[in-house]
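Student: Give me a model of this one.
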Amino acid sequence: MHRVSMLDTSLRDGQKSLGINLSVNEKLEISRQLVRLGVDVIEAGYPAASPLELEAVRKIAREIKGVIICGFARVNEREIDCCAAALKEAGQSRIHTGIAVSPFYMEKKLRLTPGQVVDLAVAAVKHAKKYVGDVQFYAEDAFRSDRAFLVQVLEKVIEAGATVVNIPDTLGYATPWECGEMISYIRNNVRNIHRAVISVHCHNDLGMATANSLAGIKAGADQVEGTINGIGERAGNTCLEEIIMALYSHRSSIGIQCGAKPQELTATSRLVSRLTGVPVPAHKAIVGSNAYSGDPASLEEIGPGENAPLEIVAQDDHDLSALETGIEQRGILIKNISITTTGASRATATVTLDLDGNTVTEAACGAGPVDAVFKAVDLLVGEQVYLEDFMLKSVGRGRETLGDATVKVRYGDKGLVVGRGVSSDVIEASARAYANALSKVKTMIRENAAQGRV
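Tutor: Residues are numbered from 1 along each chain as shown. The predicted model follows:
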């Protein structure tokens with residue numbers, strides 16, 4: 001049976017989702033769970049992007065063993081040097097570098113000739129090869145490239161030492177039949193393709209990332225890339241949990257398998273959701289709460305010896321205590337909240353925070369308890385943000401139900417930041433979510449200051 005490798009890029013490409021700003025320790029926690037899930041490669045980040053990214057990749061490389069730790073770098077010697085330094089302590093390391101290959105991107109984005117692109121691609125692979133034996137090359141916007149030129153680039157980088165060639169659907173506009181045809185074309189026309197692994201990396205702009213990835217696998221791709229819960233920029237990436245369950249459910253008929261453990265999918269999904277602050281929709285395939293609510297009689301057609309997919313994934317219930325205590329507050333901890341109301345629409349909130357080790361208290365009035373709490377936290381933290389979205393839902397069943405709050409705030413030109421909080425008290429859950437978001441804003445400010453950008 002053919003085995004396909006799983007590359008998880010939740011910590012690199014997935015973090016491009018609006019508002020996701022993971023700390024070093026949160027990235028490390030997700031990495032540990034990815035090892036339990038059984039992925040083959042963890043793309044830990046983009047070390048040259050910031051000191052925080054560099055430290056995160058370095059710490060993951062040092063502490064996470066049993067999988068390949070991959071770092072991202074553009075075709076730039078300084079970035080490749082930085083990536084290699086971050087991966088130095090990894091048990092198994094890979095550098096992922098590449099460049100755009102479509103006529104539009106080469107002309108408008110890179111302002112380079114095709115010959116210059118080939119030269120840069122080859123030089124980058126050779127430079128990365130000085131540090132690691134495993135080098136992955138991505139051909140950005142491959143699906144809009146000239147096929148003959150794409151073949152030329154792939155042959156050159158494989159000759160230079162690339163061990164994996166990544167064929168991304170950068171814009172998420174490809175269809176399954178196009179993906180299958182593309183991988184078949186590469187297998188049949190790149191003369192030295194037998195020396196490299198073909199990887200597929202799909203985006204979900206037309207809602208077909210999973211289908212496209214499966215089509216690529218069926219056509220001969222040896223590695224598939226994705227993120228947990230499909231997080232990523234724009235409409236997101238291939239949902240790795242969907243790929244894992246599709247391969248598991250149909251392993252006997254298609255003759256393809258992966259090494260991931262379906263039993264770990266729910267725990268992995270919930271952890272990523274909790275730490276990123278991005279909720280999983282109830283109707284989400286495989287890991288959504290409604291995925292477990294069907295009539296068991298509808299599963300009777302599963303053949304002898306086969307497990308129904310959701311019997312493998314489903315857990316009895318949420319670990320509510322872990323959910324309530326597990327969201328890192330990053331220097332801001334809600335210690336006490338007192339609410340008084342005047343009529344139906346006015347409230348005063350007195351909030352006490354542990355702010356970077358100091359206990360501080362402030363009161364504020366607002367149009368209801370939650371608004372008053374947010375204004376009091378604003379006064380205490382001292383960062384001016386604009387509240388873009390606030391969502392509150394219940395988690396669990398019966399009297400043990402928790403309030404699960406998610407906020408999205410905008411800080412200057414830095415984009416959206418997501419915060420999440422959970423508590424048996426919905427006002428406290430809301431306060432925790434808001435404090436969690438402001439903590440991330442403060443982290444961004446410190447990071448920018450360290451880089452001389454403030």
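
Student: centre of the chain versus the longest helix along the chain, how much separation?
Tutor: The single longest helix within the chain, with elements called by DSSP state H, is helix 426-450. When distances are taken as Cα atoms, centre = their mean, to the nearest Å, helix 426-450 is centred 20 Å away from the chain's centroid.

Student: any idea of the mean pLDDT for that helix?
Tutor: Per-residue confidence for helix 426-450 averages out to 85 on the pLDDT scale.

Student: cool, stretch 181-199 as well?
Tutor: In this model, stretch 181-199 carries a mean pLDDT of 98.

Student: Endpoints of that stretch, how far apart?
Tutor: Start-to-end span of stretch 181-199 (Cα to Cα, to the nearest Å) is 14 Å.

Student: do stretch 360-377 as well
Tutor: Distance between the boundary residues of stretch 360-377 (Cα to Cα) amounts to 10 Å.

Student: residues in contact with it?
Tutor: When contacts are defined by Cβ atoms under 8 Å, 6 or more residues apart in numbering, stretch 360-377 is touched by residues 337, 339, 341, 345-353, 378-380, 387, 390, 427, 430-431, 434-435, 438. All C-beta atoms are positioned from the backbone trio N, CA, C, and that covers glycine.

Student: The helix or strand where Val125 lies packs against which elements?
Tutor: Of the helices and strands defined by DSSP states H and E, Val125 is found in helix 114-129. Under the contact criterion of 3 or more Cβ pairs under 8 Å, 6 or more residues apart in numbering; DSSP states H and E, helix 114-129 touches helix 77-86, strand 93-100, strand 135-140, helix 147-160.

Student: Can you add mean neighbour count, distance to Ile254 and mean pLDDT and give those back as JSON lines?
Tutor: Listed next are the helices and strands packed on helix 114-129 as JSON lines, based on neighbours: other Cβ atoms under 10 Å; distance: least, Cβ to Cβ, whole Å; pLDDT from 0 to 100:
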{"stretch": "helix 77-86", "mean neighbour count": "20", "distance to Ile254": "35", "mean pLDDT": "98"}
{"stretch": "strand 93-100", "mean neighbour count": "25", "distance to Ile254": "27", "mean pLDDT": "98"}
{"stretch": "strand 135-140", "mean neighbour count": "26", "distance to Ile254": "25", "mean pLDDT": "98"}
{"stretch": "helix 147-160", "mean neighbour count": "18", "distance to Ile254": "26", "mean pLDDT": "98"}
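
Student: Gln263 is nearest to which of those?
Tutor: When these are compared for distance to Gln263 using Cβ to Cβ, the nearest one is strand 93-100, at 26.9 Å.

Student: Paired strands for the closest one, with orientation please.
Tutor: Looking at strand 93-100 with DSSP bridges, its partner strands are strand 68-72 (parallel), strand 135-140 (parallel).

Student: For that strand, list the C-alpha coordinates in CSV.
Tutor: C-alpha atoms of strand 93-100 as CSV (Å, rounded to 0.1, in the frame of the first residue of the first chain):
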residue,chain,number,x,y,z
SER,A,93,15.5,19.3,9.5
ARG,A,94,14.3,20.7,6.1
ILE,A,95,14.6,24.1,4.5
HIS,A,96,11.6,25.1,2.3
THR,A,97,12.5,27.7,-0.3
GLY,A,98,11.1,28.8,-3.6
ILE,A,99,10.0,31.4,-6.1
ALA,A,100,7.1,32.3,-8.4
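
Student: And the helices in the stretch 351-454 of the chain, which stretches?
Tutor: Listed in chain order, the helices found in the stretch 351-454 of the chain under DSSP state H, counting those that start in this stretch are 369-381, 426-450.

Student: Mind checking those helices for the one nearest to Ser273?
Tutor: Judged by Cβ to Cβ, the one of the helices of the stretch 351-454 of the chain that comes nearest to Ser273 is helix 426-450, at 13.3 Å.
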